[in-house]
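Undergrad: need coordinates for the below:
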Amino acid sequence: MDAAASIEAELERFRASFLYQPAAFLVDEVLGIDPEQRAIEAVLRTTRALPLSDLQRPSTSHPPHVSAGDLLQATGSLGCLHAWLFHGCRWDEGWVGFGTRIHHAHFERLVERGPDLRLSSRELRSRVGPKRVVLRYTFEFFQAGERAYLGEQSAMFVRAPAAPDVA
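TA: So this is what the prediction gives:
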């Protein structure tokens, strides 16, 4: 199996066992993975169904856009990919993750519905143990060549004790 096929197989396993339903994973395409830099480049298609943005009411004063909540969900999606790809936190092996802090979040321009959003994430720090991984990330999102979001967040991933699946 070549490297690209191996990455795609890992992403398929990630999606199949993700802690949320597929609609909550706000990454449509992974463009690049850099294990050395612990960085990910990806795309969010703003024309897709978005959990909060789709609930906006039509208005002349409030143009359709990608909501801040959906942008933050995209950071969580990327953070989970970091834990999976770079630290071996596998949902199907008992790992779970939780955001712990938004250090800062700068919404620099309105993210319009239509043009793709380019997502970039990079780990700043990590503390890794056998049952807990704590990560701090920086995120930059761009639309039409302009930065739309800049943020820094932390998350914790823990290996949970075995529990029965809940349907």
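
Undergrad: report the buried residues of the longest helix along the chain.
TA: Longest helix in the chain by number of residues (criterion: DSSP state H): helix 68-87. Residues of helix 68-87 classed as buried: 70-87 (neighbour count, 16 or more other CB atoms under 10 Å). All C-beta spots, glycine's among them, are computed from the backbone N, C-alpha and C.

Undergrad: next helix or strand past it?
TA: strand 95-107 (DSSP states H and E).

Undergrad: just the buried residues of that following strand, please?
TA: Buried, per 16+ other CB under 10 Å, within strand 95-107: 95, 97.

Undergrad: the next helix or strand after that strand packs against which elements?
TA: Later in the chain than strand 95-107, the nearest helix or strand by DSSP H and E is strand 117-128. Applying 3 or more CB pairs under 8 Å, 6 or more residues apart in numbering; DSSP states H and E, one finds that strand 117-128 contacts strand 39-44, helix 68-87, strand 132-143.

Undergrad: can you put these in JSON lines and add mean pLDDT?
TA: Formatted as JSON lines, these follow (pLDDT from 0 to 100):
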{"stretch": "strand 39-44", "mean pLDDT": "98"}
{"stretch": "helix 68-87", "mean pLDDT": "96"}
{"stretch": "strand 132-143", "mean pLDDT": "98"}
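
Undergrad: let me know which of these is the nearest to residue 100.
TA: Checking these against residue 100 by CB to CB gives strand 132-143 as the closest, at 7.6 Å.

Undergrad: what pLDDT does the residue of the chain most remote from its centre get?
TA: In terms of distance from the mean C-alpha position of the chain, residue 60 ranks first, at 30.8 Å (CA atoms, centre = their mean). For residue 60, the pLDDT comes out at 80.

Undergrad: list the buried residues for the helix or strand of the chain with the lowest mean pLDDT?
TA: Of all helical and strand segments in the chain, the minimum by mean pLDDT, DSSP states H and E falls on helix 3-17, at a mean of 85. By neighbour count on 16+ other CB under 10 Å, the buried set for helix 3-17 is 11, 14.
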